[in-house]
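>>> What would the 3D arrangement of this be:
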Amino acid sequence: MSAAAETIFSKIIRKEIPADIVYEDNLAIAFKDVNPQAPVHILVIPKEPIAQLADAESKDHALMGHLLLTAKRVAEQAGLDNGYRVVINSGVDGGQTVYHLHLHILGGRAMAWPPG
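Presented below is the predicted three-dimensional model:
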């Protein structure tokens, strides 16, 4: 999958389709998942299209750190004081369905383990 492939997330970044955006800066955007798997389910995506975590390179280290810190900020804004889970699915066996790197923030209830 090419890093430049068009996805639904590309259209959200360009504001061509609506999304319930809860955070945005020059590197990332966060919005509520349309098919939530927890009471709070927010996606954090980079504006730079990286298809999957397996495609991230050392040149992306600052962006990857920014995404995690953005997830922390968004979780705080969402009031997830009792904790939350951050998930990145990578590839077919990882359960990835949209090939634009994204972090799932899941919270608002206790999470079970193992997750899958």
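
>>> can you give me the mean pLDDT across stretch 31-38?
What stretch 31-38 shows for mean pLDDT is 97.

>>> who touches it?
Under the criterion CB atoms under 8 Å, 6 or more residues apart in numbering, residues 12, 19-22, 41-43, 104, 106-109, 111 lie in contact with stretch 31-38. The way it works is simple: take the backbone N, C-alpha and C, and place the C-beta from them, glycine included.

>>> Format the residues you listed as JSON lines; extra columns: secondary structure and distance to residue 50.
Formatted as JSON lines, the entries for the contacts of stretch 31-38 read as follows, by DSSP: H, G, I helix; E, B strand; the rest coil; distance: CB to CB, whole Å:
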{"residue": "12", "secondary structure": "helix", "distance to residue 50": "15"}
{"residue": "19", "secondary structure": "coil", "distance to residue 50": "19"}
{"residue": "20", "secondary structure": "coil", "distance to residue 50": "23"}
{"residue": "21", "secondary structure": "strand", "distance to residue 50": "20"}
{"residue": "22", "secondary structure": "strand", "distance to residue 50": "21"}
{"residue": "41", "secondary structure": "strand", "distance to residue 50": "21"}
{"residue": "42", "secondary structure": "strand", "distance to residue 50": "19"}
{"residue": "43", "secondary structure": "strand", "distance to residue 50": "14"}
{"residue": "104", "secondary structure": "strand", "distance to residue 50": "16"}
{"residue": "106", "secondary structure": "strand", "distance to residue 50": "21"}
{"residue": "107", "secondary structure": "strand", "distance to residue 50": "24"}
{"residue": "108", "secondary structure": "coil", "distance to residue 50": "28"}
{"residue": "109", "secondary structure": "coil", "distance to residue 50": "30"}
{"residue": "111", "secondary structure": "coil", "distance to residue 50": "26"}
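
>>> any chance of those residues in CSV, with pLDDT, distance to residue 94 and neighbour count too?
Conversion of those to CSV gives the following (pLDDT from 0 to 100; distance: CB to CB, whole Å; neighbours: other CB atoms under 10 Å):
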residue, pLDDT, distance to residue 94, neighbour count
12, 96, 21, 18
19, 97, 23, 18
20, 98, 25, 10
21, 98, 25, 13
22, 98, 25, 17
41, 98, 17, 17
42, 98, 19, 26
43, 98, 15, 22
104, 98, 12, 19
106, 98, 16, 21
107, 98, 21, 21
108, 97, 23, 14
109, 97, 23, 11
111, 95, 18, 12
